[in-house]
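Peer 1: sharing a sequence plus its predicted fold:
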Amino acid sequence: MTSLWTGLIQVGLLLVALAAAYRPLGDYLARVYEDKKHWRVERGLYAIVRVNPDAEQRWTTYAAGVLGFSFVSVVLLYLLQRFQGWLPFGFDREINPATAFNTAVSFVTNTNWQSYVPEQVMGHSVQLAGLTVQNFVSAAVGIAVAVAVVRGFTRAKTDRLGNFWVDLVRGCVRVLLPLSIVAAIVLLAFGAVMSLSSGVTVTTPDGQQHVLALAPVASQEAIKELGTNGGGILNANSAHPFENPNSWTNLFQIFLILLIPVALTRTFGKLVKDVKQGYVLLSVMGLLFAIMTTVAWWAESNPNGIASLAAGGAMEGKEVRFGIPGSSLFAVATTGTSTGAVNSLHDSYTGLGGGVALLNMLLGEVAPGGVGAGLYGILVLAVIAVFLAGLMVGRTPEYLGKKLGRKEITAAAIAMLAMPTVVLIGAGLALALPETAGALNNPGAHGLSEVLYAYASAGNNNGSAFGGLTVTSDFFQVSLGLAMLFGRFIPILAVLTLAGSLAQQRKVPPSAGTLPTSGPLFAGMLAGTVVLVAALTFLPALALGPIAEALS
């Protein structure tokens, strides 16, 4: 009962904090991306890279900017890792080509999947100049794409969606950097570590000496959660007391994970000049998040095993200082977004509890989704929901005053189907290889779940993992890297195509046959579409994995 009330208080505090930040942050984000003026520091950056900030771009040019910037980022981050041994604070550590490729792709795609032990592999130079920089810019890319998609709905008879470089710089300079500075100070005040030393030697009560790894944790931790990145600067991630010292920092990190994805629904409402549209998206996200949290919490509090029953819950793999409520809430937040940070071992969850974390990703991470990616992801599903409604009544579908024809629905369908294709093909290939059995710590249904989880995490740019799968072979490094690339950039290209097509249309005034999209009816249709897409696509795989394990 104490655990129940502790958990409910945490949920209540989280909701109050998010509600307090929702309107001011959402409105501020809308002003940032509508502002016609440029800050002096921004103009300096534009001058350095020779960009005209007042020149707007077609969707093709905008997409080329996203792809070109990301490609250069992958190459530079790869080279930075390969030359780490020559860098200051590199600690003479070498990184092999496959790991460097996987890591470069991972951080550029906002996945932050880590197939290595950070404190043993990464030096501080790569962490600060490489990984931390990508934590900022990869998140800013997601917000930029989301804003460009919204412009497709708000503009008419134009082929311009804004300027990618302006949106990228503003996301970093005006949003992520100031918020992360404040967050880092808060984490530092509550006990997070900040050091450039490689470690400190301590003597334990048995007389043995051990080296505790140190790192610039607080600054990395702030943007790791705020930008829904998730990569830990220490191997235990947010279960490590240096990264997540106590229950207050745990709750604060969950708040950071959800802050921008939730606020962006308000930004969407402000940009389309109808805040009720944002409330509809928020209600669907909130409903799915509440259901997932409830199921995960119940599953971990009511396990079947003898040891778990004796302990009063499935506490294996969880930190005592967080308990089941704090662990379950964190797990749902990190998989409902594209964060991937963990404060407990998802591999040790019950069949149903681990299934919730997996299903959260297979739903497309729209509850509330990653920074930017959650908004454009749920807008794609909103387009599909309107299209299905139009089929039922025999009318050309409309959403926010724009007709949804063949080109728009094709783009939305590609964006929606890219992730399932990547996940199922990748997991199928991995399971077909004889070598995969040797990489699994568990046979049967749980082993299948480990492989499916890995590719769901990579294809959704999440980055968390069931720890029972060893992914250090070249096959896993390359295949998961490709899953991250395809899972990130195919949907981005598709939604920018959608936005470009919508922007060229004229606004259609609502008529008697127009489906209202600002009320509970459409919210229910949208929630049903989210669940239906995942159910039809992944039910066979889920039945053989987490469902079979939960019923065993």
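Peer 2: Arrived safely.
Peer 1: hey, let's count contacts and neighbours off CA atoms from now on
Peer 2: Will do.
Peer 1: which secondary structure element is home to residue 426?
Peer 2: helix 406-432 (DSSP states H and E).
Peer 1: elements contacting that helix?
Peer 2: Under the contact criterion of 3 or more CA pairs under 8 Å, 6 or more residues apart in numbering; DSSP states H and E, helix 406-432 touches helix 373-393, helix 444-459, helix 474-504.
Peer 1: return the most buried member of those helices.
Peer 2: With neighbours taken as mean count of other CA atoms under 10 Å, those reach their highest mean count in helix 444-459, at a mean of 27.
Peer 1: tell me the angle that one makes with helix 406-432.
Peer 2: Interaxial angle of helix 444-459 relative to helix 406-432 (axes from the mean of the first three to the mean of the last three CA atoms, to 10 degrees): 140 degrees.
Peer 1: hang on, the earlier thing: now distance to residue 526 too, for the helices and strands packed on helix 406-432, in a markdown table please.
Peer 2: Converted to a markdown table, these look like this (distance: least, CA to CA, whole Å):
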| stretch | distance to residue 526 |
| --- | --- |
| helix 373-393 | 6 |
| helix 444-459 | 22 |
| helix 474-504 | 18 |
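Peer 1: nearest to residue 260, of the ones you listed?
Peer 2: helix 373-393 (10.0 Å; CA to CA).
Peer 1: relative to residue 69, how far out is the residue positioned nearest the centre of the chain?
Peer 2: Nearest to the geometric centre of the chain sits residue 338, at 1.2 Å (CA atoms, centre = their mean). Counting by CA to CA, to the nearest Å, the gap from residue 338 to residue 69 is 21 Å.
Peer 1: ok, back up a step: please identify the buried residues of the helix holding residue 426?
Peer 2: For helix 406-432, the neighbour count (16 or more other CA atoms under 10 Å) marks 408-424, 426-427, 430-431 as buried.
Peer 1: strands along the stretch 251-400 of the chain, start to end?
Peer 2: Here the stretch 251-400 of the chain has its strands, by DSSP state E, counting those that start in this stretch, at 398-399.
Peer 1: which residues of it fall in helices?
Peer 2: For the stretch 251-400 of the chain, the helices defined by DSSP state H, counting those that start in this stretch cover 275-301, 306-311, 323-336, 351-362, 373-393.
Peer 1: mean pLDDT lowest where, among those?
Peer 2: Lowest mean pLDDT within the helices of the stretch 251-400 of the chain: helix 306-311, a mean of 60.
Peer 1: out of the helices of the stretch 251-400 of the chain, deepest packed?
Peer 2: With neighbours taken as mean count of other CA under 10 Å, the helices of the stretch 251-400 of the chain reach their highest mean count in helix 323-336, at a mean of 28.
Peer 1: ok so, going back, pretty sure the residue nearest to the centre of the chain sits against residue 369.
Peer 2: Yes - between residue 338 and residue 369 there is a contact under CA atoms under 8 Å: 6.0 Å.
Peer 1: ok, the residue nearest to the centre of the chain to residue 461 distance?
Peer 2: 6 Å.
Peer 1: need the residues touching each of the two.
Peer 2: 110-111 (CA atoms under 8 Å, 6 or more residues apart in numbering).
Peer 1: any weak-confidence spans in the stretch 101-250 of the chain?
Peer 2: Residues of the stretch 101-250 of the chain meeting the criterion pLDDT under 70: none.
Peer 1: could you pull out the strands for it?
Peer 2: Along the stretch 101-250 of the chain, counting by DSSP E, counting those that start in this stretch, strands occupy 199-203, 209-213.
Peer 1: distance to residue 313 and mean neighbour count added to those, as CSV?
Peer 2: Below are the strands of the stretch 101-250 of the chain laid out as CSV (distance: least, CA to CA, whole Å; neighbours: other CA atoms under 10 Å):
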stretch, distance to residue 313, mean neighbour count
strand 199-203, 33, 11
strand 209-213, 30, 12
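Peer 1: turn these into TSV, columns for distance to residue 25.
Peer 2: Below are the strands of the stretch 101-250 of the chain laid out as TSV (distance: least, CA to CA, whole Å):
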stretch	distance to residue 25
strand 199-203	38
strand 209-213	36
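Peer 1: show me the one of these that comes nearest residue 353.
Peer 2: The nearest among the strands of the stretch 101-250 of the chain, by CA to CA, is strand 209-213 at 31.3 Å.
Peer 1: who does that closest one touch, helix- and strand-wise?
Peer 2: strand 199-203.
Peer 1: same for the strand it packs on, what does it pack against?
Peer 2: strand 209-213.
Peer 1: list the neighbouring strands of the strand it packs on plus their orientation.
Peer 2: strand 199-203 (antiparallel) (DSSP bridges).
Peer 1: the helices in the stretch 101-250 of the chain, which residues?
Peer 2: Using DSSP H, counting those that start in this stretch, helices in the stretch 101-250 of the chain cover 118-121, 124-125, 132-154, 164-170, 177-189, 217-226, 247-271.
Peer 1: same list (these) but as CSV, adding distance to residue 58 and mean neighbour count.
Peer 2: Listed next are these as CSV, based on distance: least, CA to CA, whole Å; neighbours: other CA under 10 Å:
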stretch, distance to residue 58, mean neighbour count
helix 118-121, 40, 17
helix 124-125, 37, 22
helix 132-154, 10, 25
helix 164-170, 10, 22
helix 177-189, 28, 17
helix 217-226, 30, 27
helix 247-271, 19, 24
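Peer 1: of all the helices and strands packed on helix 406-432, which lies closest to residue 236?
Peer 2: Closest among the helices and strands packed on helix 406-432, once you apply CA to CA, is helix 444-459, at 17.5 Å.
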